[in-house]
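Engineer: would you be able to build a 3D model of this:
(one chain, ligands or ions: 3)
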Amino acid sequence: MKIAVLPGDGIGTEIVAEAVKVLKVLDLKFEMETAPVGGAAYEAHGHPLPESTLKLAKAADAILFGAVGDWKYDKLERALRPEQAILGLRKHLGLFANFRPAICYEQLTHASSLKPELVAGLDILIIRELTGDIYFGQPRGRRTAPDGHFPGTEEAFDTMRYTRPEIERIAHVAFQAARKRSKRVTSVDKANVLETFQLWKDVVTEIGRQYPDVALDHMYVDNAAMQLVKAPKKFDVVVTGNMFGDILSDEAAMLTGSIGMLPSASLNAGNQGLYEPSHGSAPDIAGKGIANPLATILSAAMMLRFSLNQPEAADRIESAVKHVLASGLRTADIHSDGTTRVGTREMGDAVVAAITKKTTKG
Ligand SMILES: NC(=O)c1ccc[n+]([C@@H]2O[C@H](COP(=O)([O-])OP(=O)(O)OC[C@H]3O[C@@H](n4cnc5c(N)ncnc54)[C@H](O)[C@@H]3O)[C@@H](O)[C@H]2O)c1
Ligand SMILES: CC(C)[C@H](C(=O)O)[C@@H](O)C(=O)O
Ligand SMILES: [Mg+2]
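Structural biologist: Ligands and ions are numbered 1, 2, ... in the order given. Okay, here's the model as predicted:
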């Protein structure tokens, strides 16, 4: 088994180092190979997703990814910007199903910006379609407006589109995931305005008939954004398109205490997956050693469970994380009175120590 390790930019390198440390202490039989991606790869090879990195990712059983991006690349032509690396990996590897579980750990109910009673015990799963929608739709570009309110002026356009099979396969993923949970799916759309999402709603409804044991409801995205902060525990599995899923998952992250707590798995039709925190490269705190590595460490646990067939090792990481939180250690983003503030490395070390202690105890 081989893991491609792609740390990327900003805090990406800091948090991936901690996840790698945790994986190593588990002493499992897999190889890890590191390659540059994003801005780091642009600096070294002139491209955010060099052929050698893509080749490594394609050949690996799983990919552990940090984050890409920095404001200093914002003026580059789009094809060379760091974000194209993660978009390219998703597209090239067909990673259409993105799982973003938002779990509020018992010890973090006070870290959320919502009232503790609203988030205590929260456990929702956002399933975001990841290779379609306005992110990848063609045509897109800039031109002189041929018509509209201001013809003859500069305009930009993107295309939102989904085909029936793309919606069918993500709907199946959502219904099957719901079967292993509380058998409820909320499909989030904007069918009241957009053709793309009327098709989405129609197809999800059709596929839902194949899962009579799963309750399906539909919600418009604006209402869903509001309900997520009003009564988040009413949701279980949420399935939605690429762009709405991007936005709603960052919103859901705050229900867990911090964006630094939200892991993710992006899977293709085989068993291959890319595992990354849901957050970005956080240039504002990069290099300070204060980023929360737990989303990345929890993504590594998802990798062991989904792609590497090591569910027990995944459990060990997750229970070590709970143990560390229970012991009162907190990075700055989840710190509150009465807890001990630690840096990225100390948090990683504490997870390693919790795993080692449990192993020694047997
Ligand atoms: N998958 C990815 O690689 C990915 C995801 C999102 C954003 N990005 C990129 O990252 C760059 C920064 O984007 P942004 O600022 O909008 O989003 P961001 O997620 O990087 O940061 C948003 C805020 O959350 C904080 N934060 C994020 N992760 C944290 C962690 N682990 N611990 C503590 N605090 C954390 C940051 O300090 C910042 O204040 C951009 O270039 C963007 O395109 C990349
Ligand atoms: C960096 C960007 C391309 C990415 C996205 O929009 O999908 C990020 O925000 C995410 O959530 O993984
Ligand atoms: Mg995002």
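Engineer: for the longest helix along the chain, name the packing helices and strands.
Structural biologist: Under DSSP state H, the helix in the chain containing the largest number of residues is helix 344-361. For helix 344-361, the packing partners by 3 or more C-beta pairs under 8 Å, 6 or more residues apart in numbering; DSSP states H and E come out as helix 11-25, helix 294-306, helix 311-326, strand 329-330. Heads up, the C-betas are built off the backbone N, CA and C, glycines and all.
Engineer: could those be laid out in TSV, adding mean neighbour count?
Structural biologist: As requested, those are exported to TSV (neighbours: other C-beta atoms under 10 Å):
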stretch	mean neighbour count
helix 11-25	23
helix 294-306	26
helix 311-326	18
strand 329-330	22
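Engineer: closest residue of the stretch 1-150 of the chain to ligand 2?
Structural biologist: Residue nearest to ligand 2 within the stretch 1-150 of the chain (C-beta to the nearest ligand atom): Glu83, separated by 4.2 Å.
Engineer: burial measure for the closest residue in space to that residue that isn't next to it in sequence, as a count.
Structural biologist: Spatial nearest neighbour of Glu83, chain neighbours left out: Gly69 (5.6 Å); criterion: C-beta to C-beta, 6 or more residues apart in numbering. Around Gly69 there are 23 other residues, counting by other C-beta atoms under 10 Å.
Engineer: please report how far Gly69 lies from Thr159.
Structural biologist: 24 Å (C-beta to C-beta, to the nearest Å).
Engineer: confidence score at the closest residue to Ala35 other than its chain neighbours?
Structural biologist: Leaving aside its chain neighbours, Ala35 sits nearest to Thr53 (4.3 Å; criterion: C-beta to C-beta, 6+ apart). Confidence at Thr53, expressed as pLDDT, is 98.
Engineer: do you know how far Thr53 is from Ala291?
Structural biologist: Distance of Thr53 to Ala291, given as C-beta to C-beta: 23 Å.
Engineer: same check, this time on Pro165
Structural biologist: 39 Å.
Engineer: with mean pLDDT and distance to ligand 2 added, can I get the helices and strands packed on helix 344-361 in CSV?
Structural biologist: Shown next, in CSV, are these (pLDDT from 0 to 100; distance: least, C-beta to the nearest ligand atom, whole Å):
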stretch, mean pLDDT, distance to ligand 2
helix 11-25, 98, 11
helix 294-306, 98, 11
helix 311-326, 97, 21
strand 329-330, 96, 24
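Engineer: wait, which of the ones you listed is closest to Phe244?
Structural biologist: When these are compared by C-beta to C-beta, helix 294-306 sits nearest Phe244, at 20.7 Å.
Engineer: quick one, what contacts Leu23?
Structural biologist: 3, 32, 64, 300 (C-beta atoms under 8 Å, 6 or more residues apart in numbering).
Engineer: what residues are bridge-paired with the third one?
Structural biologist: Listed beta-bridge partners, Leu64: Val5, Tyr275 (assigned using DSSP bridges).
Engineer: with the second one instead?
Structural biologist: Listed beta-bridge partners, Met32: Ile3 (assigned using DSSP bridges).
Engineer: surely it touches Val20?
Structural biologist: Yes: using C-beta atoms under 8 Å, Met32 is in contact with Val20, at 6.6 Å.
Engineer: tally of neighbours for the closest residue to Gly46 other than its chain neighbours?
Structural biologist: Closest residue to Gly46 apart from its sequence neighbours, by C-beta to C-beta, 6+ apart: Leu80 at 7.9 Å. Neighbour count of Leu80, defined by other C-beta under 10 Å: 14.
Engineer: cool, Gly328 as well?
Structural biologist: 12.
Engineer: for Lys190, see how far away the residue in the stretch 251-362 of the chain positioned nearest to ligand 1 is.
Structural biologist: Going by C-beta to the nearest ligand atom, ligand 1 is nearest to Gly280 of the stretch 251-362 of the chain, at 2.2 Å. With distances taken as C-beta to C-beta, Gly280 is found 25 Å from Lys190.
Engineer: check Ala4 too.
Structural biologist: Ala4 is 36 Å from Lys190, where distance means C-beta to C-beta.
Engineer: looking at the two, which is more packed in?
Structural biologist: Between Ala4 and Lys190, Ala4 has the larger neighbour count (other C-beta under 10 Å), namely 25 against 20.
Engineer: list the contacts of the strand or helix carrying the residue nearest to Ala35.
Structural biologist: Secondary structure from DSSP states H and E places Thr53 in helix 51-59. By C-beta under 8 Å, 6+ apart, the surrounding residues in contact with helix 51-59 are 2, 4, 6, 33, 35-37, 41, 45, 63, 85, 88-89, 92-93, 274.
Engineer: repeat for stretch 29-39
Structural biologist: Identification of contacts with stretch 29-39 by C-beta under 8 Å, 6+ apart yields 1-9, 12, 20, 23, 41, 44-45, 48-50, 52-53, 56-57, 60-61, 64-65, 67-70, 72-73, 82-83, 85-86, 89, 281, 308.
Engineer: tell me if I am right that Ser266 is in a strand.
Structural biologist: Yes: the assignment for Ser266 by DSSP: H, G, I helix; E, B strand; the rest coil puts it in a strand.
Engineer: run through the bridge partners of it.
Structural biologist: Residues in beta-bridge contact with Ser266 (DSSP bridges): Asn98, Leu274.
Engineer: can you show me the strands along this protein?
Structural biologist: Along the chain, the segments classed as strands by DSSP state E run 2-8, 31-34, 62-67, 97-103, 123-129, 141-144, 154-157, 184-189, 215-220, 237-240, 265-267, 273-275, 329-330, 340-341.
Engineer: need these in JSON lines with distance to Asp349, can you?
Structural biologist: JSON lines is the format used below for those (distance: least, C-beta to C-beta, whole Å):
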{"stretch": "strand 2-8", "distance to Asp349": "18"}
{"stretch": "strand 31-34", "distance to Asp349": "19"}
{"stretch": "strand 62-67", "distance to Asp349": "18"}
{"stretch": "strand 97-103", "distance to Asp349": "23"}
{"stretch": "strand 123-129", "distance to Asp349": "28"}
{"stretch": "strand 141-144", "distance to Asp349": "48"}
{"stretch": "strand 154-157", "distance to Asp349": "47"}
{"stretch": "strand 184-189", "distance to Asp349": "39"}
{"stretch": "strand 215-220", "distance to Asp349": "42"}
{"stretch": "strand 237-240", "distance to Asp349": "35"}
{"stretch": "strand 265-267", "distance to Asp349": "25"}
{"stretch": "strand 273-275", "distance to Asp349": "21"}
{"stretch": "strand 329-330", "distance to Asp349": "10"}
{"stretch": "strand 340-341", "distance to Asp349": "13"}
